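**Student:** Prediction below, plus the sequence it came from.
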Amino acid sequence: MPKTQAGSPSVRALVVLAVIAGTALALDQFTKYLVVSNLPLGERVSVLGEVLYFQFVKNPGAAFSLAAGSTWIFSILATAVTIAILVFARKIRSIGWAVVFGLLLGGVLGNLSDRFFREPSFGLGHVIDFISTPWMMPAIYNVADICIVSSMGLFVILTLRGVNLDGTRTVAVKDDADAVPAGEKNGSSGETTRAAETPVSGPNHTAA
């Protein structure tokens, strides 16, 4: 399966990745600051009726309040993911993949910052969650979680479309024989057959 010509230079992709990650991290931390400063712990505030609530909770587990009590494990995993993204970033030339890893990196760093610098201690800090959409899911989450899930969705789309990290695109190509329409092959064969069956008339040929 051939590939198309490689896309944008890696520098451009790295800039996009860094901007997306920085924006996601800043937005996550800013919204958490507003929640901690203005919303009492555990209080539930309706934002859009039954559709959207803000409820300030401290989550010791993973995204969407899963696996509470295993904070140190997720701190290690998040650190490993961050290092892996930084290592593979130099191979990224696709802007789409730069957005994917930018969202993922920003989301991971957003929650990792909470685990490192919030109570009760370094590496065991509780993540600030505050977004509640009970009609969609029972868990409470934050902007970092949204970035992580969005990156996974875009990951699936790019994979299905055959877009590679280096900006090339995998395209399936049919065989030359399959590329010729059936009608053309049958028509050509029919014309050849009819030509062979047609009697040849010449100046010396007379009807019986």
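**Tutor:** Cool, got the structure. The structure presented is a predicted model; accordingly, all values stated were derived computationally and were not measured. Residues are numbered from 1 along each chain as shown.

**Student:** drop to CA atoms for contacts and neighbour counts, all remaining ones
**Tutor:** Noted.

**Student:** max-length strand in the chain?
**Tutor:** In the chain, with assignment by DSSP state E, the single longest strand is strand 52-59.

**Student:** relative to strand 52-59, how tilted is the next helix-or-strand element following that one?
**Tutor:** The first helix or strand that comes after strand 52-59 along the chain, using DSSP states H and E, is helix 71-88. Per axes from the mean of the first three to the mean of the last three CA atoms, to 10 degrees, the angle that helix 71-88 makes with strand 52-59 is 100 degrees.

**Student:** what about helix 71-88, distance to the chain center?
**Tutor:** 18 Å (CA atoms, centre = their mean, to the nearest Å).

**Student:** Does anything pack onto that helix? Which helices or strands?
**Tutor:** Applying 3 or more CA pairs under 8 Å, 6 or more residues apart in numbering; DSSP states H and E, one finds that helix 71-88 contacts helix 95-117.

**Student:** Buried residues of the helix it packs on, list them for me.
**Tutor:** Of all the residues in helix 95-117, those buried under the rule 16 or more other CA atoms under 10 Å are 95-116.

**Student:** elements contacting that helix?
**Tutor:** helix 10-38, helix 71-88, strand 127-132, helix 143-160.

**Student:** Run me through the strand neighbours of the longest strand of the chain, direction for each.
**Tutor:** strand 44-48 (antiparallel), strand 127-132 (antiparallel) (DSSP bridges).

**Student:** so how far is that strand off the chain centroid?
**Tutor:** The answer for strand 52-59 is 26 Å, by CA atoms, centre = their mean.

**Student:** now it: mean pLDDT?
**Tutor:** Here strand 52-59 scores 92 as its mean pLDDT.

**Student:** Can I get that strand in CSV, CA atoms only?
**Tutor:** Presented in CSV, the C-alpha positions along strand 52-59 are these (Å, rounded to 0.1, in the frame of the first residue of the first chain):
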residue,chain,number,x,y,z
LEU,A,52,-25.1,20.8,33.5
TYR,A,53,-24.1,21.1,37.2
PHE,A,54,-20.9,22.3,38.9
GLN,A,55,-20.0,20.3,42.0
PHE,A,56,-16.6,20.7,43.6
VAL,A,57,-15.1,17.3,44.6
LYS,A,58,-11.6,16.1,45.3
ASN,A,59,-10.8,12.9,43.4
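
**Student:** any idea how far the closest residue to Gly96 other than its chain neighbours lies from Thr170?
**Tutor:** Using CA to CA, 6 or more residues apart in numbering and skipping residues adjacent in sequence, the residue nearest Gly96 is Leu158, 7.4 Å away. From Leu158 over to Thr170 the distance is 11 Å, taken as CA to CA, to the nearest Å.

**Student:** That'll do, ta.
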